[in-house]
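Peer 1: when you get a sec, could you give me coordinates for this:
(chains A, B and C)
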Amino acid sequence: MNFTWAAAPHIKPRDSVSKIMLKVLLALLPSIFLLAWFFGGGVYINILLATLTALIAEAMVLKLRGRVVLKCLKDLSALVTAVLIGMAIPTLAPWWVVVLGTFFAIVIVKQLYGGLGSNLFNPAMAGYAFLLISFPQEMTAWAMPESLNAWPFSDIIRLIFSAQLPDAMTIDGITMATPLDVVKTQAAINPYTDVTVLPLGIETLFTQGWGWLSLSYFVGGLWLVQQGIIAWQIPLGILSALALIAAGFYFYDAQTYTSPLFHLLAGATMVGAFFIATDPVTAATAPKGRFIFGFMIGVLTYLIRVWGGYPDAMAFAVLLMNIAVPVIDYYTQPRVFGTRR
Amino acid sequence: MDQDGVIVFKGWNLKGGLDLEGHKDLSRQYSINNTAIPDELIYPLVDRSGNVLTALAKTGERVLKGQVIAGSKGVQGTLLHAASSGLVKENEWRMIAHPSGLKSECLIVATDGLDECCPIDEPVDYRQLSAADICEKVHQAGIVGLGGASFPTAIKITPNNVHTIDTLIINGAECEPYITCDDRLMQQYPSEILLGIQVLLRALAIKNCVIGIEEDMPEAIEAIQKAIECSGFNQIQVKVVPAVYPAGGERQLIYLLTGRETPSQGFPVDIGVVCQNVGTVMAVYQAIVKGQVLIERVVTVTGTGINKPQNMWARIGTPIKDLVSQCGGYNGPNERLIMGGLMMGFSLPDDSVGITKATNCILVATSKEVTKSSEAEIQPCIRCGECASVCPVNLLPQQIYWYSQGGAHQKCQSFGLFDCIECGCCDVVCPSHIPLVQYFRASKSKVFLKRREDEAATLAKQRFERRDTRQVQEKVAREQRIRVKKLALVKRQKESVSSSAKMQDKP
Amino acid sequence: MLWICLLFAILGVILGYAAFRFKVEGDPLVVDIEALLPQTQCGQCGFPGCKPYAEAIAQGKADINQCPPGGEVGVKALADLLGLDAKPLNESFGIEKEKKVAVIVEADCIGCTLCIQACPVDAILGAAKYMHTVIASECTGCDLCVEPCPVDCIVMTAIKPSVLNWQWPKPIPNRH
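Peer 2: Predicted structure coming up:
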């Protein structure tokens, strides 16, 4: 009888990249529905456009690089990037915004660095940051929560693809500043504004949908942690850093600085902590390093949110810490069994 | 203390490791069977560590069971005995029990079925033997570690001036799936094992002994404990370790039982521990108490591809196919023949290979249980770190892989390449299906090759330089000789000239 | 001003002393270069041995790509050491080949000792009118003994794969 030769271990592997990516996508589903509920069905179009762009762009580059296209697409990593971009972009943004952002993320940030596993920066966040810097107006026009629920879907499509609003409507009339925008704008107008009088309470966050969205990301993230897909050290680092610093400033001066709970629930904190920073390719590897990586993202996020030029800072914080990963990895190598440090 | 004298660990205090499906019930409940004498016994003349054995029996000679037929020289030298009586055939190149599946020179004994024994030593009371006597007898019996590494046992138990030993650890933690040979030994021969331990304790001149058994072998635990109670060897302790792979790795078990870490480049003796496998202890018992040499061992023949999986007392040198046919043969087309376990064993292309002292298991697996080599489609590493989280020695396999595939073997070493015990946990959890351990083994090979080449280059350089100086010396010497001869010639010429002048003057 | 002069004088003395005290024997660069050469002593580079070639490289009289036994890997190592760009092997000095070992067909050997004189590492054993043999473990595979043999009884043979020299193969990832 003939037997095949193979090297040990002979046992079958347990997991696969596509399974991991699929679970990430699953964990995002509730948040997608919530986004659609609060900010309109445009999010579906965004995700669809991003997905198509990502798949076509990835296939194109893979072909150029002489790789087996289908086999690589099967890992679903491009899909995760696409969905994250589609969700990060305002639901009313014109179609070319999402296409451009996804193309940039896939081609420049991911494939030009060597494709899956070799990219230095988080593709979704690099794409987002690129859009935010290039098209600030389109990227901050978030719809008024629940205002679009009465709209027929055709109106949304028309708005996205040909920038036509239904009669008697203005873009200012249907959009609204996000809570973080409110803080930033007020601070710009008058640095001595008492933030407690602004509509920034926790109830407001929930009535405007952001709180629910954050919660859904949190729950999805916890499920991923439980499934062993993402490293718990990173979200813990981010959330603890953000909460600690925010609490410190809040208790020092509650009229100038918003509450820690506000920082945790507003903006991209939760999605960043559980879905963005945890991208293993661009995060630190060792457990200790992962906590440091997360903690520093939390610190940077707070710094940029409060004193920086942009209302939210998750994307920048993650990208900045991506640069620091090799250094963190170098200094946080675990002690090998039987060796002394 | 959960039961009398038994310490059960509540947790796995070693980092990493995997919970693997045991598949032990295929073979564990059947008692160890004896095997028929095979037509041929095959003995490779090279061992696992690359030591060459010299045949000590001549071609055509009739050897008896237990007669020394080959041996290796050097400090780590061992002896090999014929497992049955028969004629020594001419050496042949046969496939041997080696991961390469290559052929190598083998000594072959054509058995005659008489199974005629060498006269064996009168059994003596081990309590009358000195430590040196025991070591010598263990060496003469050809005993090596039966757990897989095949390190000569006599060397391990010979006292030296450098290390102080205080604990003997008996490895009964059979953590690899499918394998049950040690489990069966402990169930069936507990008092023999205890006597073997006594012999080893005497040789080491220590009192402390801990037997580590995995929690999923309750019968073995019970048997050993009962035997301890009956024999009164109360200094022997049984400790139950969690059934987590690789709890049975030498360094891992020592850590679990004593809390001591074997140093990275060192050995258990460096931390005062000697570790022996249950099978080895049994062999020591047979050698010292019964006066028998090591010619057979327990082998688990198992897997879903075998009709009647079981444990058997197999003569060293028995071809695998003989064992398989005594287990009811194969039950269909099989994917892989593995010598050793599912995690660390090596595959063999052919079942004509003879078993060695290191063979604890023959695993015949169908494609349902094992990877197909082509099936494992390697995808890029996404640095998820799963490998690092299951690594029992706390390495960062993803980093070593990164440097290994780029050929930076030096860098691999700084990330602990040689601390890798090749347990295979990282491979199992890798979502990108990267054969990590295979990369590490290839890197290790490359490092060894580089060392060999460097040594050869140094040697060549020395020889070249010596030849150079020698040639210079020879040249100088030759010139010297020529000068001397020339001078002599000139002198003679002068003399002859002057003498002829005198002659002319004369008349 | 005076103080500065004094200081420099002192420093000069220290430097001078250090140069004298810690003088390095031989050219350290030659030693480093030689360590990277395969020590085949084959002379294919055009120099009579690895050390002369190393000296020539150090003095800039030879290029780094003249050593076929060292191969591309060797060229790269030399380039790294010397801070030069790696370049392909100069084929006029020979091409990179698998390492072989010389074997004397003993039946044909006439015992002329020519190969013994040619061997740069004294790896051939024998005496005049007696059969010669190659000590395989010492042979560098330099080919130098093949040419002088009057009866062509030396063959360069490939090293046979065995369990002793076998290496775990590196996995070949299918391109992704």
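Peer 1: count the neighbours of C:A127 for me.
Peer 2: Burial of C:A127 is recorded as 10 neighbouring residues (other Cβ atoms under 10 Å in any protein chain shown). (Each C-beta comes from the backbone N, C-alpha and C, glycine too.)
Peer 1: same question, B:G248
Peer 2: A count of neighbours around B:G248, defined by other Cβ under 10 Å, yields 27.
Peer 1: next, give phi and psi for it.
Peer 2: For B:G248, the backbone dihedrals (degrees, to the nearest 10) come out as phi -90, psi 0.
Peer 1: which residues touch it?
Peer 2: B:171, B:173-176, B:212, B:214 (Cβ atoms under 8 Å, 6 or more residues apart in numbering or on different chains).
Peer 1: do the same with B:R466
Peer 2: B:R466 makes contact with C:D122, according to Cβ under 8 Å, 6+ apart.
Peer 1: ok, 10 Å please
Peer 2: C:121-122 (Cβ atoms under 10 Å, 6 or more residues apart in numbering or on different chains).
Peer 1: confirm it sits in a helix?
Peer 2: Yes. Assessed by DSSP: H, G, I helix; E, B strand; the rest coil, B:R466 belongs to a helix.
Peer 1: alpha carbons only: can I get the host helix or strand of B:L257 in CSV?
Peer 2: Assigned by DSSP states H and E, B:L257 falls within helix B:250-258. The C-alpha trace of helix B:250-258 is given here as CSV (Å, rounded to 0.1, in the frame of the first residue of the first chain):
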residue,chain,number,x,y,z
GLU,B,250,10.0,16.4,28.9
ARG,B,251,10.6,20.1,29.7
GLN,B,252,6.8,20.7,30.1
LEU,B,253,6.3,17.8,32.4
ILE,B,254,9.2,18.7,34.6
TYR,B,255,7.8,22.2,34.9
LEU,B,256,4.4,21.0,35.7
LEU,B,257,5.6,18.6,38.4
THR,B,258,8.4,20.6,40.0
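Peer 1: what is the next helix or strand after that helix packed up against?
Peer 2: Scanning forward in sequence from helix B:250-258 by DSSP H and E, the next helix or strand is strand B:273-277. Judged by 3 or more Cβ pairs under 10 Å, 6 or more residues apart in numbering or on different chains; DSSP states H and E, the packing partners of strand B:273-277 are helix B:153-157, strand B:167-172, helix B:181-188, helix B:190-204, strand B:208-214, helix B:250-258, helix B:278-288.
Peer 1: so does the second one get close to chain A?
Peer 2: No. Judged by Cβ under 10 Å from any Cβ of the partner chain, strand B:167-172 and chain A are separated, with a smallest distance of 16.0 Å.
Peer 1: returning to what we had before: just flag the most distant two among the contacts of B:G248.
Peer 2: B:E176 and B:G212 (14.7 Å; Cβ to Cβ).
Peer 1: using PDB, write out every CA atom in stretch A:62-82.
Peer 2: Taking Å, rounded to 0.1, in the frame of the first residue of the first chain, the C-alpha atoms of stretch A:62-82 are listed here in PDB:
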ATOM      1  CA  LEU A  62      -3.700  40.400  -8.000                       C
ATOM      2  CA  LYS A  63      -3.900  39.800 -11.700                       C
ATOM      3  CA  LEU A  64      -1.100  42.300 -12.200                       C
ATOM      4  CA  ARG A  65       1.000  40.700  -9.500                       C
ATOM      5  CA  GLY A  66       0.500  37.300 -11.100                       C
ATOM      6  CA  ARG A  67      -1.400  35.700  -8.300                       C
ATOM      7  CA  VAL A  68      -4.300  33.300  -8.400                       C
ATOM      8  CA  VAL A  69      -7.100  35.800  -8.200                       C
ATOM      9  CA  LEU A  70     -10.000  33.600  -6.900                       C
ATOM     10  CA  LYS A  71      -8.000  31.900  -4.300                       C
ATOM     11  CA  CYS A  72      -6.900  35.200  -2.800                       C
ATOM     12  CA  LEU A  73     -10.300  36.800  -3.000                       C
ATOM     13  CA  LYS A  74     -11.700  33.800  -1.100                       C
ATOM     14  CA  ASP A  75     -10.000  35.000   2.100                       C
ATOM     15  CA  LEU A  76     -12.700  37.800   2.300                       C
ATOM     16  CA  SER A  77     -10.200  40.300   3.800                       C
ATOM     17  CA  ALA A  78     -11.100  42.800   1.100                       C
ATOM     18  CA  LEU A  79     -14.700  42.400   1.900                       C
ATOM     19  CA  VAL A  80     -14.100  43.300   5.600                       C
ATOM     20  CA  THR A  81     -12.200  46.400   4.600                       C
ATOM     21  CA  ALA A  82     -14.900  47.400   2.200                       C
END
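Peer 1: that'll do, ta.
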